[in-house]
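Peer 1: With the sequence up front, the predicted model follows.
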Number of protein chains: 2
Amino acid sequence: MAADETKVLPESYPMNGGDGKVSYARNSFAQRTAVDASKKFISEAIADLLDIEFDPILDSSIGFGIADLGCAAGPNTFYAVQNIIEAVDSKYAKQHQKSKALEYQVFFNDHVNNDFNTLFRTLPSPLRYFPVGVPGSFYGRLFPKDSVHLMHSSNSLNWLSRVPKSVGDINSPAWNADSIYCTGTVKEVVEAYSSQYKKDMENFLNARALELVGGGLLVLVLGGVPNSVTSSQTAIGKDYEILGSCLVDMANKGLISKEKVESFNLPIYYASPNEIEKLIQDNGCFSIVRMETFPGNRKHIYNSQMWTLIVRAGFEAIISNNFGSEMVEELFELYTKKHMDNVSIFSRDDVISLLHLNIVLKRKI
Amino acid sequence: MAADETKVLPESYPMNGGDGKVSYARNSFAQRTAVDASKKFISEAIADLLDIEFDPILDSSIGFGIADLGCAAGPNTFYAVQNIIEAVDSKYAKQHQKSKALEYQVFFNDHVNNDFNTLFRTLPSPLRYFPVGVPGSFYGRLFPKDSVHLMHSSNSLNWLSRVPKSVGDINSPAWNADSIYCTGTVKEVVEAYSSQYKKDMENFLNARALELVGGGLLVLVLGGVPNSVTSSQTAIGKDYEILGSCLVDMANKGLISKEKVESFNLPIYYASPNEIEKLIQDNGCFSIVRMETFPGNRKHIYNSQMWTLIVRAGFEAIISNNFGSEMVEELFELYTKKHMDNVSIFSRDDVISLLHLNIVLKRKI
């Protein structure tokens, strides 16, 4: 059932596990910025838009299901969930003064090889909810129908289910040999990436439309490029170029294969607000009931040492998988150095911040 | 909420993680015997006793929640769940010929430091259900009220939430210096253990009574001693005596502390059917709707090499925690040898098999 309805076979490159020096748990404060930036927006959206019918007599002790999709290993997911629960509590208290408190069940979702052990061991205490781990790609079904009241995804939907095959294929017009990401400047590469993004988002939205209860909300926090801007003009694009050039340097020194570098691409895509809006409208399952965009904060990118840990926590698995784990240490040493040498790029006026997008969707009945 | 209602602070000694030579995943075939022995009983109980109202129009796609409490790291939990799903499917098909299939959500529960990563990575494929991991002690609340349709626990309820304090206390009349388990022969020790068991089972039953939906079943598979038999007369008791004598040998050689051996006790208790029945009746939340007992299978205990791995997978954590991990290898080498030298004990006529108990409980409305 779950497997049958999964139309994609997603790649899975989890954030670094454990709680050591290069773990995601200890190097996710950049992503925390996104959680903080969305806090007020989400609270208000819940107050204004959450529309679950609670019968004050029958349902005084009903369970309320919250899912965080792409949770990684904390602590960001715990902050996000805490904020959601406070907002739902407040909304519920206004509706039903005399009712008992809701019982929350929180579904922490990520790939099957995410470090759930660390996630569970670092749960905050005391807990205001029943925690649950849900292994699997959110590009397929994860929950029974009509079973979750509010779903949230932060910093996750920029990860595609896979790198589009053509961009790593020397025989394809979309071969992206000179770059490790979708710069937005080569038509065929953009088409390959945006087509994969469209497929992934359709699978995501179709699955969520089945799983959310009526009146529930789907809250998305993700990065995007401003309309008519290419990723190559953004700070994160410049950063990927530095990482890519380190791989080229290592290939030139004969430390890794040049062919592997040319065929390597990140499964990351930043759409524009217009592209995302159209995609949700075309899908047809959800209405966009609230949306805001603003330039993302790039304060962390100026500290090359810290930034290296952030990038490593996110990309070590995919890099190891492609080039072997023995080159990772040297790569990130080189990257820190090169990042430091080029850090002035990130404060240039013509270098654009990625957009921070907050979107609230409601299932069409 | 979850934390507030947990009245115990359970000790947590998970089964050995990973999938290596001494892992529970590879050394749980003795427990598999219990799963197999319960299969027919559980299928029939579901066919005859499960009493969930499914509205064939409204609920044609309703989710059906199954929990396995104390699941460890597979594969036994997967076999047990598969059997339950087949039985529910069959029951549901008879009730609603034209309805769609149920969507199953399976909650795999164990202590927060259980190896959920291995559990998730070894899930069978293709999956007929949405898998979920639930970290926490089943002696406290785990789920929202009225949220799970069928709960199952196999080979778990013999583990107490803690060793009763008095049995490890040199100043207590219940001090159990000469043994590492509840032999059943010393009144004060029996009282300490059975009192802890009673508290734990009450917490367990109270929590489950809140979490199960009306008409749902609680299926318990556990070991027990025959009425009027002491644990010291059973094969497993003899086995614990061998393990205990290995600890004494190591203390005599000065390899571990004699005091630590004297204060060491396993958090394991085998009640008799009479004791369990009385306890469930006194608790009052559930009716025993079906129960069977028969002598447990002791075929695995004759193979000392294999048996050592089974015992080690279950007890390594608690032994390491008490004596330090550096002694574990030597202990289990000694244990294998001593077990082999004494293996004839297990086929003696006066050595009794532990009972295998299958119990089905139904919440009183």
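Peer 2: Now that the structure is in, tell me what you want to look at.
Peer 1: contacting residues for residue A:342?
Peer 2: With contacts defined as C-beta atoms under 8 Å, 6 or more residues apart in numbering or on different chains, residue A:342 is in contact with A:238, A:242. Yep, even glycine has a C-beta here, placed from its N, CA and C like the rest.
Peer 1: Backbone dihedrals for it, both of them.
Peer 2: phi -110, psi 20 (degrees, to the nearest 10).
Peer 1: now it: how far from chain B?
Peer 2: Computed as C-beta to the nearest C-beta, to the nearest Å, the residue A:342 to chain B distance reads 38 Å.
Peer 1: Equivalent analysis for residue A:25, please.
Peer 2: Separation of residue A:25 from chain B (C-beta to the nearest C-beta) stands at 14 Å.
Peer 1: Pull the contacting residues for that residue.
Peer 2: For residue A:25, the contacting residues are A:18-19, A:73-75, A:118, A:122, by C-beta under 8 Å, 6+ apart.
Peer 1: most neighbours, which of the residues you listed?
Peer 2: When the contacts of residue A:25 are compared by neighbour count (other C-beta atoms under 10 Å in any protein chain shown), residue A:73 ends up highest, at 29 neighbours.
Peer 1: sec struct for that one, please.
Peer 2: Classification of residue A:73 into helix, strand or coil gives coil, according to DSSP: H, G, I helix; E, B strand; the rest coil.
Peer 1: pLDDT value on it, please?
Peer 2: Per-residue pLDDT puts residue A:73 at 85.
Peer 1: Give the buried residues for stretch A:124-134.
Peer 2: Of the residues in stretch A:124-134, those scored as buried under the neighbour-count criterion (16 or more other C-beta atoms under 10 Å in any protein chain shown) are A:127-134.
Peer 1: Which two among those residues are spaced furthest apart?
Peer 2: Using C-beta to C-beta, these span at most 19.0 Å, a distance reached by A:128 and A:134.
Peer 1: hmm, who's touching stretch A:278-298?
Peer 2: Where contact means C-beta under 8 Å, 6+ apart, the residues beyond stretch A:278-298 that reach it are A:33-34, A:37, A:41, A:45, A:48-49, A:197-198, A:201-202, A:205-206, A:208-209, A:217-218, A:223-224, A:226, A:235, A:271, A:273, A:277, A:346, A:352-364.
Peer 1: Now for residue A:335: which residues touch it?
Peer 2: With contacts defined as C-beta under 8 Å, 6+ apart, residue A:335 is in contact with A:242-243, A:246, A:308, A:311.
Peer 1: now residue A:215
Peer 2: Taking C-beta under 8 Å, 6+ apart as the definition of contact, the neighbours of residue A:215 are A:50-53, A:362.
Peer 1: mind checking the backbone torsions on residue A:268?
Peer 2: Per-residue torsions, residue A:268: phi -120, psi 140 (degrees, to the nearest 10).
Peer 1: Run a quick neighbour tally on it.
Peer 2: Burial measure for residue A:268: 21 neighbouring residues, criterion other C-beta under 10 Å.
Peer 1: Ok, the one 10 residues further on next?
Peer 2: Using other C-beta under 10 Å, residue A:278 has 13 neighbouring residues.
Peer 1: Can you give me the buried ones in the helix or strand it falls within?
Peer 2: Following DSSP states H and E, one finds residue A:278 within helix A:273-283. Going by neighbour count (16+ other C-beta under 10 Å), the buried part of helix A:273-283 is A:273, A:275-276, A:279-280, A:283.
Peer 1: Am I right that residue A:351 is in contact with residue A:239?
Peer 2: No: counting by C-beta atoms under 8 Å, residue A:351 does not reach residue A:239; the two are 10.1 Å apart.
Peer 1: Compare neighbour counts for those two and give me the winner.
Peer 2: A count of neighbours by other C-beta under 10 Å puts residue A:239 above the other of residue A:351 and residue A:239, at 20 against 16.
Peer 1: Quick check: mean pLDDT of the longest strand along chain A?
Peer 2: When every strand of chain A is counted residue by residue (DSSP state E), the longest turns out to be strand A:212-224. Strand A:212-224 comes out with an average pLDDT of 93.
Peer 1: I'd like the next helix or strand past it.
Peer 2: Tracing the chain C-terminally past strand A:212-224 and defining elements by DSSP H and E, one meets helix A:235-252 next.
Peer 1: ok but residue A:357 is inside a strand, no?
Peer 2: Yes: following the definition three-state DSSP, residue A:357 is counted among the residues of a strand.
Peer 1: show me what contacts it?
Peer 2: A:220-224, A:273, A:276, A:291-293.
Peer 1: For it, give its distance to chain B.
Peer 2: Residue A:357 sits at a distance of 28 Å from chain B (criterion: C-beta to the nearest C-beta).
Peer 1: Over to residue A:252?
Peer 2: In this structure, residue A:252 lies at 37 Å from chain B, with C-beta to the nearest C-beta as the measure.
Peer 1: swap in residue A:90?
Peer 2: Look at residue A:90 and chain B: by C-beta to the nearest C-beta, they are 16 Å apart.
Peer 1: which residue ranges form the helices in chain A?
Peer 2: Listed from the start of the chain, chain A has helices (DSSP state H) covering A:29-49, A:76-95, A:116-121, A:187-211, A:235-252, A:258-263, A:273-283, A:304-323, A:328-341.
Peer 1: relative to strand A:212-224, how tilted is the first one?
Peer 2: With axes from the mean of the first three to the mean of the last three C-alpha atoms, to 10 degrees defining the directions, helix A:29-49 sits at 140 degrees from strand A:212-224.
Peer 1: what does helix A:29-49 contact?
Peer 2: A:75-76, A:79-80, A:83-84, A:86-88, A:90-91, A:150, A:152, A:154-155, A:217, A:219, A:221, A:223, A:289-290, A:292, A:294, A:296-297, A:299-300, A:307, A:310, A:356, A:358, A:360, A:362.
Peer 1: Just the buried residues of those residues.
Peer 2: When burial is judged by neighbour count using 16+ other C-beta under 10 Å, the buried members of the contacts of helix A:29-49 are A:75-76, A:79-80, A:83-84, A:87-88, A:91, A:150, A:152, A:154-155, A:217, A:219, A:221, A:223, A:290, A:296, A:307, A:310, A:356, A:358, A:360, A:362.
Peer 1: tell me the phi and psi of residue A:125?
Peer 2: As for residue A:125, its main-chain torsions (degrees, to the nearest 10) stand at phi -140, psi 140.
Peer 1: Model confidence score at it, please.
Peer 2: What the model reports for residue A:125 is a pLDDT of 91.
Peer 1: Relative to chain B, how far out is it?
Peer 2: Distance, residue A:125 to chain B, using C-beta to the nearest C-beta: 7 Å.
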